[in-house]
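S.K.: show me how the following folds:
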Amino acid sequence: MSVDLRISPDQIIERYLSMELVRVTERAAVSAARLRGHGNEKAADQAAVDAMRRELNRLPIDGEIVIGEGERDEAPMLFIGEKVGNKQGPKVHIAVDPLEGTTLCAKDMPGSIAVMAMAGAGSLLYAPDVYMDKIAIGPGYPQGVIDLDASPADNINALAKAKGVKPHEISTLIMDRPRHAKLIEEVRKTGCSIRLITDGDVAGVIFCTQPEKTGIDLYLGIGGAPEGVLAAAALRCVGGQMQGRLILDTEEKRVRAAGMGVKDPNKKYDMSEMASGDVIVCATGVTDGGLLSGVKFGKDVIETETIVYRSVTGTVRRIYGEHREFSKFQLD
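M.R.: Reported below is the predicted structural model:
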């Protein structure tokens, strides 16, 4: 596919690449789904990575992975700094999680997805593969309702007031990890309900965008920084608020972060600092979940469900695919 380079990068992303990104996450999801329930997390993750890399390298872009599955020495994963695309198009930065919820896929549990984000160069936070403390809510609230530095009780009370409900009517999503024991205790003291998830950090934040459907008002807790950037990109597309702070608790992490351009190791990032400009986010379900249906293997067709977000227009598209060209979906 040829690209008219006289139009702006944002126009190129919209006109040429939206559906191409759908193909990227569809291929990754189908490849991983072939290994659902097999108990092999690494094999499923590698299948998704290989499929995503193949499709990315077919795109008319000069792309660089800025959020990936690790550093350069961890190849063949899609690593931070890896160049992708055929170099016949705009310079773009890309965040990927070829298989979010590897354990969910390996155990055929709900919520595993293939997800990526693309934006103009310099639009995505160049975050190291470390933990990030996060807080997020969906659209419709005044700015400043939540604050990462406030207590869980203060955030829940402020959100309840803004929503016009009592604190016990707020529902919070937290990852079920030992590190969150104190956080869970503090949230429960407010009377707020908690939904615990075992995996699915990106989807967990996205749940906040549609509380009337998902039942989730607030996301709290510590998860991956790469997932935080992907989630911030999706949240920007539909409105909402999110803050995050990198957890750089060792000298090695601080040095690595500094090498990636992080000047203040204690900086509190807001959503627009993690993902700015025109961002497109695309996610395809691997296993059935609250966000997306998983891949369905029929006798003559493979079915997929994909959601595509774009920040500039606030557009959300749900795409149901029926794929009959089986040869293009083989693992090799």
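S.K.: got a list of what Gly221 touches?
M.R.: By C-beta atoms under 8 Å, 6 or more residues apart in numbering, the contact list for Gly221 reads 133-134, 174-175, 177, 180, 183. Glycine gets a C-beta too; all of them are placed from N, C-alpha and C.
S.K.: tell me which element the spatially most central residue of the chain is part of?
M.R.: Residue closest to the average C-alpha location in the chain (C-alpha atoms, centre = their mean): Leu230, at 3.5 Å. Taking DSSP states H and E as the definition, Leu230 sits inside helix 225-238.
S.K.: right, and the helix or strand after that helix?
M.R.: strand 241-247.
S.K.: list the buried residues in the very next helix or strand once past that following strand.
M.R.: Next along the chain after strand 241-247, taking DSSP H and E as the criterion, comes helix 251-259. Across helix 251-259, burial judged by 16 or more other C-beta atoms under 10 Å covers 253-254, 256-257.
S.K.: of the contacts of Gly221, which is the nearest to Ile216?
M.R.: When those are compared for distance to Ile216 (C-beta to C-beta), Ile174 wins out at 10.3 Å.
S.K.: find the nearest non-adjacent residue to that closest one, please.
M.R.: Gly221 (4.8 Å; C-beta to C-beta, 6 or more residues apart in numbering).
S.K.: pull up the pairing partners for the helix or strand that contains the one you found, direction included.
M.R.: Using DSSP H and E, Gly221 maps to strand 218-224. Strand 218-224 has its sheet partners listed here by DSSP bridges as strand 131-137 (antiparallel), strand 171-175 (parallel).
S.K.: so what touches the shortest one?
M.R.: Applying C-beta under 8 Å, 6+ apart, the contact partners of strand 171-175 are 156, 180, 183-184, 187, 192-199, 201, 204, 207-208, 211, 215-223.
S.K.: among these, which ones are buried?
M.R.: Among the contacts of strand 171-175, those scoring as buried are 156, 180, 183-184, 187, 192-195, 197, 199, 201, 204, 207-208, 211, 216-223 (criterion: 16+ other C-beta under 10 Å).
S.K.: quick revisit: quick check: the two most widely separated of the buried residues of helix 251-259?
M.R.: Arg254 and Arg256 (7.4 Å).
S.K.: which residues does Arg236 contact?
M.R.: 271-272, 275, 279, 311.
S.K.: leaving out chain neighbours, which residue sits closest to it?
M.R.: Ser311 (4.7 Å).
S.K.: roughly how far apart are the one you found and Lys163?
M.R.: 24 Å (C-beta to C-beta, to the nearest Å).
S.K.: who has more neighbours out of those two?
M.R.: For the pair Ser311 and Lys163, the greater number of neighbours falls to Ser311 (24 against 16), based on other C-beta atoms under 10 Å.
S.K.: quick one, phi psi at that one?
M.R.: Per-residue torsions, Ser311: phi -70, psi -40 (degrees, to the nearest 10).
S.K.: what does Ala119 give?
M.R.: phi -150, psi 170.
S.K.: so it touches His93, yeah?
M.R.: Yes - if you go by C-beta atoms under 8 Å, Ala119 and His93 touch, sitting 5.8 Å apart.
S.K.: which of those two has more neighbours?
M.R.: Ala119 (25 against 22).
S.K.: I'd like the distance between the more buried one and Ile146.
M.R.: According to C-beta to C-beta, Ala119 and Ile146 sit 24 Å apart.
S.K.: repeat for Met132
M.R.: From Met132 to Ile146 the distance is 15 Å (C-beta to C-beta).
S.K.: these two: which is more packed in?
M.R.: Counted by other C-beta under 10 Å, Met132 and Ile146 do not tie: Met132 has more neighbours, with 26 against 22.
S.K.: and that one, bridged to which residues?
M.R.: Gly223, Leu246.
S.K.: relative to helix 225-238, how tilted is the strand holding Gly221?
M.R.: Angle between the axes of strand 218-224 and helix 225-238 is 140 degrees (criterion: axes from the mean of the first three to the mean of the last three C-alpha atoms, to 10 degrees).
S.K.: how long is stretch 245-258 end to end?
M.R.: In stretch 245-258, first residue to last residue: 14 Å (C-alpha to C-alpha, to the nearest Å).
S.K.: who's in contact with that stretch?
M.R.: Stretch 245-258 is contacted from outside by 127-128, 130-133, 148, 222, 225, 262, 265-269, using C-beta under 8 Å, 6+ apart.
S.K.: tell me the secondary structure for the closest residue to Asp97 other than its chain neighbours?
M.R.: Using C-beta to C-beta, 6+ apart and skipping residues adjacent in sequence, the residue nearest Asp97 is Val115, 5.1 Å away. Three-state assignment for Val115 (DSSP: H, G, I helix; E, B strand; the rest coil): strand.
S.K.: which one of the contacts of Gly221 has the most neighbours?
M.R.: Most neighbours among the contacts of Gly221, by other C-beta under 10 Å: Lys134, with 27 neighbours.
S.K.: surely it meets Gly228?
M.R.: Yes - applying C-beta under 8 Å, one finds Lys134 in contact with Gly228, separated by 5.4 Å.
S.K.: may I have the phi/psi pair for the residue nearest to Gly277 when sequence neighbours are not counted?
M.R.: Nearest residue to Gly277 in three dimensions, chain neighbours excluded: Ser123, at 3.7 Å (C-beta to C-beta, 6+ apart). Phi and psi for Ser123, reported as degrees, to the nearest 10, are phi -90, psi -20.
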